[in-house]
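Participant: A predicted structure for the sequence below; I have some questions about it.
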Amino acid sequence: MDLNLHSPERQLIELKIEQADCNALVDMTVHTLPIDELLLRRLKKRRLQLRDQISQLELSLDTPESA
């Protein structure tokens, strides 16, 4: 399957990869002493943004386009 670099499916894959990376960074930051609270807040905010983007993109891919 040849995915266009700008296709919604490709964007969804990239967002999910970024979300997984962000989750790993949050986990590492939580276990690092001293905890960098500012970094942790930024990572958690980005994680929420990614979750929202993924949800919106999944909805747009699942919704049949009106003709």
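Facilitator: Alright, I've got the coordinates. Values in this document were obtained by computation on a predicted structure and should not be read as measured data.
Participant: number of nearby residues for Leu43?
Facilitator: 20 (other C-beta atoms under 10 Å). C-beta here means a position set from N, CA and C on the backbone, and glycine is covered the same way.
Participant: And Ala20, by the same measure?
Facilitator: Neighbours around Ala20, by other C-beta under 10 Å: 11.
Participant: Model confidence score at it, please.
Facilitator: pLDDT recorded at Ala20 is 98.
Participant: Could you do His6 as well?
Facilitator: 82.
Participant: Need the residues that contact stretch 33-44.
Facilitator: 22, 25-26, 29-30 (C-beta atoms under 8 Å, 6 or more residues apart in numbering).
Participant: in what helix or strand does Glu58 lie?
Facilitator: helix 37-62 (DSSP states H and E).
Participant: what does Gln11 give?
Facilitator: Per DSSP H and E: helix 8-30 holds Gln11.
Participant: what comes up buried for that helix?
Facilitator: By neighbour count on 16 or more other C-beta atoms under 10 Å, the buried set for helix 8-30 is 11-12, 15, 18-19, 22, 25-26, 29.
Participant: will you turn these into TSV that also has distance to Leu61?
Facilitator: Rendered in TSV, the data for the buried residues of helix 8-30 read as follows (distance: C-beta to C-beta, whole Å):
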residue	distance to Leu61
Gln11	10
Leu12	7
Leu15	12
Glu18	17
Gln19	16
Cys22	21
Leu25	27
Val26	26
Thr29	32
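Participant: Which of these sits closest to Arg46?
Facilitator: Of all the buried residues of helix 8-30, Cys22 has the smallest distance to Arg46: 5.6 Å, by C-beta to C-beta.
Participant: give me the low-pLDDT residue ranges for this structure?
Facilitator: Within the chain, the ranges that satisfy pLDDT under 70 run 1-3, 65-67.
Participant: Mind listing residues that contact stretch 56-67?
Facilitator: 8-9, 11-12, 15.
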